[in-house]
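K.L.:
sequence plus the predicted model coming up.
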Amino acid sequence: MSATAGTEEALDPQVVDLVSRAQDGDAQAFADLYDRYVDQTFAYVYRRVGHRQLAEDLVGDVFLRAYRRLSSFEWQGVDLGAWIMTIARNRVHDHFKSARFRLERPTDEVRDDPTPTGPDDPERVAVGKDLARALGAALARLKDDHREVIELRFVHDLSVADTAAVLERSIGATKALQYRALRALAAEVADHPELAKLAAAGLGGLLALLRMVPL
């Protein structure tokens, strides 16, 4: 289904074209959509489950579901990525509710370490990793909806509208949730000298550090 004229102005015309072609049965168009959104989707799922192989399996299922449901997709003024992310969110929720997960969880606590290494100054990298781990621990202490809105907005770079679509909330409710979540995060880091200093200078520093947060 093509986007409405008003919606097309707010969307990438290439994506609109790819969706239209994929809905008409063009396999290459869907493959191009997959290439466009798979990294974002994988990053989201990986942050939720913490294991690369499991994340790969779930993402494969997400795109299979997206392929099967694409004919029913209708533009709602948000990017297709938000629609795919909603499928991913539901798939992750299904996984966590499954009997298989409940049986595996006690012996499956070690998470992959995705923190990149590089040729940067070792001391600087170590300090950055320590701060990221501390911020990750603070993020983990937040309520689920607070943590998720922060990750969607500031780790995965979704717009407010796209985040609202994924969370199935209104834009106003999503903005309010984001505000409360950021205040909660600032409160959680108040006892950490370096993170508190970043928060006191404005949340921009904390939000930039989120990209380094361990999964």
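P.N.:
Perfect, thanks for sending it. Numbering: from 1, shown residues only.
K.L.:
helices of this structure, start to end?
P.N.:
5-8, 13-23, 27-49, 52-69, 80-97, 99-104, 122-140, 144-154, 160-167, 171-188, 193-200, 204-209 (DSSP state H).
K.L.:
C-alpha coordinates for the third one, CSV please?
P.N.:
The reference is to helix 27-49. Extracted C-alpha coordinates of helix 27-49, given in CSV (Å, rounded to 0.1, in the frame of the first residue of the first chain):
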residue,chain,number,x,y,z
ALA,A,27,11.7,-10.2,-3.3
GLN,A,28,14.7,-8.0,-4.0
ALA,A,29,12.8,-5.0,-2.6
PHE,A,30,12.2,-6.9,0.7
ALA,A,31,15.9,-7.9,0.7
ASP,A,32,16.8,-4.3,0.4
LEU,A,33,14.5,-3.4,3.3
TYR,A,34,16.1,-6.2,5.3
ASP,A,35,19.6,-4.8,4.7
ARG,A,36,18.4,-1.3,5.7
TYR,A,37,16.9,-2.4,9.1
VAL,A,38,18.6,-5.6,10.2
ASP,A,39,21.4,-3.9,12.1
GLN,A,40,19.1,-1.6,14.1
THR,A,41,16.8,-4.6,14.8
PHE,A,42,19.7,-6.8,15.8
ALA,A,43,21.0,-4.1,18.2
TYR,A,44,17.7,-3.8,19.9
VAL,A,45,17.2,-7.6,20.3
TYR,A,46,20.8,-8.1,21.4
ARG,A,47,20.4,-5.5,24.2
ARG,A,48,17.3,-7.3,25.4
VAL,A,49,18.6,-10.9,25.4
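K.L.:
what helices or strands is it leaning on?
P.N.:
Secondary-structure packing of helix 27-49 (3 or more Cβ pairs under 8 Å, 6 or more residues apart in numbering; DSSP states H and E): helix 13-23, helix 52-69, helix 80-97, helix 144-154. Yep, even glycine has a C-beta here, placed from its N, CA and C like the rest.
K.L.:
ok, the spatially most central residue of the chain - contacts?
P.N.:
Nearest residue to the geometric centre of the chain (Cα atoms, centre = their mean): Tyr44, 3.6 Å. Listed by Cβ atoms under 8 Å, 6 or more residues apart in numbering, the contact partners of Tyr44 are 85, 88-89, 151-152, 156.
K.L.:
any weak-confidence spans in the chain?
P.N.:
Filtered on pLDDT under 70, the chain yields the residue ranges 1-10, 99-129, 201-205, 208, 211-215.
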